[in-house]
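# Mind folding the following:
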Amino acid sequence: MTGTLAELSEARTLLGDVFELIEASEPYPNRGGSKLHRVYVEAEIRSHTTSAGAPHPSS
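Sure, this is the predicted structure:
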């Protein structure tokens, strides 16, 4: 992901709502005079299951 530090923080939170975040790096500043940073993320799609293990109706 690439963005400002505030955007990356918000995006990480939002991604956690949909994906299971396995690993995320610390922010690295982009090269040159950019004010943006980048974060490398490893994620998996969350499985939508009910407590009985059956697929969630909206899946």
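
# quick check, distance from stretch 9-29 to the centre of its chain.
Averaging C-alpha positions (CA atoms, centre = their mean, to the nearest Å) puts stretch 9-29 3 Å from its chain's average.

# Could I get the buried residue list for it?
Of all the residues in stretch 9-29, those buried under the rule 16 or more other CB atoms under 10 Å are Arg12, Ala24, Pro27. The way it works is simple: take the backbone N, C-alpha and C, and place the C-beta from them, glycine included.

# Just the residues you listed: which are in strands?
Under the assignment DSSP state E, the buried residues of stretch 9-29 contribute Ala24 to strands.

# TSV please, covering the buried residues of stretch 9-29 and showing distance to Tyr40.
Formatted as TSV, those follow (distance: CB to CB, whole Å):
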residue	distance to Tyr40
Arg12	12
Ala24	7
Pro27	10
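
# Out of the buried residues of stretch 9-29, flag the one nearest to Thr2.
Lowest distance from Thr2 to the buried residues of stretch 9-29 (CB to CB) belongs to Pro27, with 9.8 Å.

# Remind me what the host helix or strand of Glu7 packs against, helices and strands.
Using DSSP states H and E, Glu7 falls within helix 5-18. For helix 5-18, the packing partners by 3 or more CB pairs under 8 Å, 6 or more residues apart in numbering; DSSP states H and E come out as strand 19-24, strand 41-45.
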